[in-house]
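1. here's a sequence, model it:
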Amino acid sequence: MKHALSLLALASYACAASASATDDGIKLNQLGFLPGADKVAVVPDGAARDFSIVRAGTNTVVQTGPLSPPASAPDSGDTVRQAHFTDLRTPGRYQLRVSGLPDSPPFEISPGAYDALNAAALKAYYFNRAGIALDAAHAGIYARAAGHPDTHVLIHASAASPSRPAGSAIASPKGWYDAGDYNKYIVNSGISTYTLLAAFEDFPAWFQAQKLNIPESGNGMPDILNEARWNLDWMLTMQDPADGGVYHKLTNLRFDGMVMPAQATQPRYVVQKTTAAALDFAAVMAAASRIYSPYDQVLSARMLTAAKQAWQWAQAHPRDYYRQPADVATGEYGDNDVSDEQAWAAAELYITTRDDSYYQALHAPQLAATVPSWGDVRGLAWLSLARHRKGLTAAADQALIASRVDSLARQLAAAWQESPYGITLRKADYVWGSNAVVMNQAMWLLHAYRLNGTRAYLDAAQSGLDYVLGRNALELSFVTGYGTRAPRHPHHRPSEADGIEAPVPGWLVGGPQPGQQDRKDCPAPYPSTLPARSYLDHVCSYASNEIAINWNAPLVYVSAGLQALTPR
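-> Now for the predicted structure:
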């Protein structure tokens, strides 16, 4: 089984309608479905009471069925019905038809429905690498010159120490650009890298078979680990060897303009050591240590040592919160509550070392289970404990671990069952990066399904992927390059500055959210203030249309997990 991404296979762009248009039509996953998956479309309420499935581009009917009763959807301001066609399992290309409406976009039913999507979502990280030229052999039309070698990075005054005074320089190469900008942040790198590593731990056979065509392909290590290694190597350089502390970010003083990486030449700095950075670093390095051990024992040992040193630094500096210096104006990733990072780091160190003192340090009985985000990583502790539950020591409360994972999954499944759109998002979830919220919800549900086999959890997770691929109020696939209608103008400097009409493929944009924090900076208005429709496909829209490494990571996890777990 091979899942290769063809960079030139962007045919969807040739026929895509403008992503800014919003028609009141049939809303469904525009890529398609696995034969054994739950299959649902959402239809605007009208005179029709039935639907049919036809072979794409024909009048050949292969299935008919009733539409569900109408339900009001206040988040999107419409009334909708659902069409369920789970029993359609025969591979092929189809459209859903409802009297009075245009036929749906074509969709596939295929055993490999998400192969290309998963490869693209993972290869997006290669396209966001710092410090390396992307050559045509691996990047196709998106080849570019190297930018930001980061071999001469200045110590900012906030990060100064006796052995590294302000203005001295270190080398801190590699890593991924964080989002649409060209800076690198430990906190956001933490959850992003962990989620990719978690995907490999949960679905190793899938990723061992995958070929991404990146420079390291064929070196004996799965490409997902090759790609994660590029960022892990950078993260290791962000630890001060003198004391184990970890710098919060590597950044310009100001954001770059909309230029290519090689044209962005502002001086670079490492800024302030923080407790959050140290704990995120410790968690990721502890997890990476066990995952890379079969491939490189020297690297594995180095990672574990680094994790322990960062942990010790954080225990000695429990409240060194990030404070943005007056001369720095790039992303903050500020966090004044690091109890969640403490728990996550403790969990990963416990799993890797089997040292019960780390389990005691996570205070499990008091630790809630929440959907993961960069600012709340409590859930990652529970997911890792659940993943490794069979190898834990007697100190771990097995019943508590299972209960925490299942209880949150039940809440998410309840939201899914109540939703007029059949999704897990509630009104409060339409925040900055709402698409990552639904993907992390789906990731949690897949963990719960792996834990106890509750089919509703698998189906609710499927709904999350369906949502970001078109079953939403905007009838838009939120992944660049995938779907009949997809974003054309993400807030992503390479996509804007490279002179290529189609943006770099495989990126999940942030998604709808009513805050519209960029409204004053945009020449085009948002089409709506409704939570589910407050989205603008314009490069100006960093609040709804930016890309980010932490948003793509659960897309990688979920698209692989559904392929691996959905019954054939």
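2. Phe51 pairs with what?
-> Beta-bridge pairing for Phe51 (DSSP bridges): Gly65.
3. shouldn't it be in contact with Ala83?
-> Yes. With contacts counted by CB atoms under 8 Å, Phe51 reaches Ala83, the gap being 4.4 Å. The C-beta positions use only the backbone N, C-alpha and C, and glycine is treated the same way.
4. mutual contacts of these two, please.
-> Ala41, Val43, Gly65, Leu67, Leu96, Val98 (CB atoms under 8 Å, 6 or more residues apart in numbering).
5. how near is the second one to Ile109?
-> Relative to Ile109, Val43 is positioned 19 Å away (criterion: CB to CB, to the nearest Å).
6. just the fourth one next, same as before
-> Taking CB to CB as the measure, Leu67 falls 20 Å from Ile109.
7. using the three-state scheme, assign the nearest residue to Glu332 once chain neighbours are set aside.
-> Leaving aside its chain neighbours, Glu332 sits nearest to Gln324 (5.2 Å; criterion: CB to CB, 6 or more residues apart in numbering). Under DSSP: H, G, I helix; E, B strand; the rest coil, the three-state class of Gln324 is coil.
8. look at Gln324 and report its pLDDT.
-> For Gln324, the pLDDT comes out at 98.
9. just checking, it touches Thr274?
-> No. The pair Gln324 / Thr274 is not scored as a contact, 11.3 Å apart, by CB under 8 Å.
10. so what's the residue count around Ser357?
-> For Ser357, the count of nearby residues is 11 (other CB atoms under 10 Å).
11. any idea how far it is from Arg378?
-> Look at Ser357 and Arg378: by CB to CB, they are 20 Å apart.
12. so Tyr358 touches Gln342, yeah?
-> No. Using CB under 8 Å, Tyr358 makes no contact with Gln342, being 10.6 Å away.
13. more crowded one of these two?
-> Per other CB under 10 Å, whichever of Tyr358 and Gln342 has more neighbours is Gln342, with 26 against 21.
14. apart from its chain neighbours, what residue comes closest to that one?
-> Leu279 (5.8 Å).
15. need the pLDDT of the nearest residue to Arg164 once chain neighbours are set aside.
-> Once flanking residues are discounted, Arg164 sits nearest to Ile155: 4.9 Å by CB to CB, 6+ apart. Ile155 is assigned a predicted lDDT (pLDDT) of 98.
16. hey, what's Ile155 bridged with?
-> Ile155 forms beta bridges with Val270, as assigned by DSSP bridges.
17. higher neighbour count, Val43 and Ile109?
-> The neighbour comparison of Val43 against Ile109 (other CB under 10 Å) goes to Val43, with 24 against 20.
18. could you pull out the strands in the stretch 1-150 of the chain for me?
-> 32-33, 40-44, 50-55, 61-66, 71-73, 78-84, 92-97, 107-109 (DSSP state E, counting those that start in this stretch).
19. would you turn those into CSV with distance to Ile351 and mean pLDDT?
-> Formatted as CSV, the strands of the stretch 1-150 of the chain follow (distance: least, CB to CB, whole Å; pLDDT from 0 to 100):
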stretch, distance to Ile351, mean pLDDT
strand 32-33, 35, 98
strand 40-44, 37, 98
strand 50-55, 46, 98
strand 61-66, 46, 98
strand 71-73, 41, 98
strand 78-84, 40, 98
strand 92-97, 44, 98
strand 107-109, 39, 98
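20. nearest to Ala409, out of these?
-> Each of the strands of the stretch 1-150 of the chain has some distance to Ala409 by CB to CB; the shortest is strand 40-44, at 19.0 Å.
21. what's the closest one packed up against?
-> Strand 40-44 sits against strand 78-84, with contacts defined as 3 or more CB pairs under 8 Å, 6 or more residues apart in numbering; DSSP states H and E.
22. how about residues contacting the strand it packs on?
-> By CB under 8 Å, 6+ apart, strand 78-84 touches 24, 26-27, 39-45, 51, 65, 67-73, 96, 98, 420-422, 473.
23. select only the buried ones of those residues in PyMOL?
-> Those of the contacts of strand 78-84 that count as buried under 16 or more other CB atoms under 10 Å are selected in PyMOL with:
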select buried, resi 26+27+39+40+41+42+43+44+45+51+65+67+68+70+71+73+96+98+420+421+422+473
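24. tell me which of Gln324 and Thr274 has more neighbours.
-> Using other CB under 10 Å as the criterion, Gln324 and Thr274 rank with Thr274 on top: 30 against 16.
25. isn't that one right up against Asp280?
-> No. Using CB under 8 Å, Thr274 is not in contact with Asp280, being 9.3 Å away.
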